[in-house]
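A.B. asks: Coordinates only, no sequence provided:
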């Protein structure tokens, strides 16, 4: 009886990227002036990645971030997030998609000064069908995750800049978004507070598998990311791993 050769187990199929960008260009027209900000970008971003977008002013990094976040549409090309072509959505559909899938963290915290930290974090949940009690519970969990449970009743002017940015991050994650987009999240903070915020983002990525895309001009901030992507004059020029 002849021996049968052992068949090695097949390797699991790789997971599809969370973000797929193909042939994306963005052109702004002002009268007769035509400004092409992005030139035929191809990019895959895996689920669970922490990507830093870097480049000089005018390189197109913020434009690319806005396209991924559904704040704008490409002039040409396609953008798929979790298998959904967001470049085909109408303005109303895109707004609905953003509310369900994207958390935003900006350089300036955009907190409502008359509301407590708890109420500021609850704001994205007002667009859902959650009861008031469940909104409070979700907000409390998000504040606990960023280490601010003891500041829930404080208003923004009673918090430091770093604490206000933590509230903004809690607000961004309270609805469990698919992607967290961060536009210069430490640009208004001192170095110590900036490192605390970047460490928090890193832990959310590492421990809670949050997919993050961050625009920054600061090389020290980029060191907290898993990958760094360089843009220059609307073109991808370099990708680095940490």
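C.D. replies: Everything's here; your move. Not measured: the values here are computed from a predicted model.
A.B. asks: SS state for residue 169?
C.D. replies: Per DSSP: H, G, I helix; E, B strand; the rest coil, the local secondary structure of residue 169 is helix.
A.B. asks: Sorry, wrong one. I was asking about residue 182.
C.D. replies: strand.
A.B. asks: One more: residue 120?
C.D. replies: Going by three-state DSSP: residue 120 is helix.
A.B. asks: 218 is where my numbering starts, stick with that
C.D. replies: All set: I'll call the first residue 218, so the last point we hit is now residue 337.
A.B. asks: Point out where this protein drops to low pLDDT.
C.D. replies: Applying pLDDT under 70 to the chain flags residues 218-231, 455-459.
A.B. asks: list the contacts for the spatially most central residue of it?
C.D. replies: Nearest to the geometric centre of the chain sits residue 398, at 1.7 Å (Cα atoms, centre = their mean). The neighbours of residue 398, taking Cβ atoms under 8 Å, 6 or more residues apart in numbering as the test, are 282, 285, 286, 319, 320, 321, 322, 429, 430, 431. C-beta: built from backbone N, CA, C; applies to glycine.
A.B. asks: Turn those residues into a markdown table, columns for distance to residue 270.
C.D. replies: Shown next, in a markdown table, are the contacts of residue 398 (distance: Cβ to Cβ, whole Å):
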| residue | distance to residue 270 |
| --- | --- |
| 282 | 6 |
| 285 | 9 |
| 286 | 12 |
| 319 | 15 |
| 320 | 17 |
| 321 | 15 |
| 322 | 14 |
| 429 | 11 |
| 430 | 7 |
| 431 | 7 |
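A.B. asks: Pick out whichever of these sits closest to residue 252.
C.D. replies: Of all these, the one with the least separation from residue 252 (Cβ to Cβ) is residue 282, at 17.6 Å.
A.B. asks: Can I take it that the closest one is in a helix?
C.D. replies: Yes: under three-state DSSP, residue 282 sits within a helix.
A.B. asks: What about the nearest residue to it once chain neighbours are set aside, how many residues nearby?
C.D. replies: Setting aside the residues directly before and after it, residue 282 is nearest to residue 432 in space (Cβ to Cβ, 6 or more residues apart in numbering), at 5.0 Å. Neighbour count for residue 432, taken as other Cβ atoms under 10 Å: 24.
A.B. asks: Contacts only, for residue 432.
C.D. replies: Residue 432 is in contact with 269, 270, 271, 278, 279, 282, 399, 400, 401, counting by Cβ under 8 Å, 6+ apart.
A.B. asks: Now for the residue nearest to the residue nearest to the centre of the chain when sequence neighbours are not counted, how many residues are close by?
C.D. replies: Distance criterion Cβ to Cβ, 6+ apart; nearest residue to residue 398, sequence neighbours excluded, is residue 286 at 4.6 Å. For residue 286, the neighbour count with other Cβ under 10 Å is 22.
A.B. asks: how about residue 350, secondary structure?
C.D. replies: Residue 350 ends up helix, using three-state DSSP.
A.B. asks: Please report how far it lies from residue 342.
C.D. replies: 11 Å (Cβ to Cβ, to the nearest Å).
A.B. asks: And for residue 292?
C.D. replies: Residue 292 is 34 Å from residue 342, by Cβ to Cβ.
A.B. asks: Same drill for those two, tell me which one is more crowded.
C.D. replies: A side-by-side neighbour count of residue 292 and residue 342, using other Cβ under 10 Å, places residue 342 first with 20 against 16.
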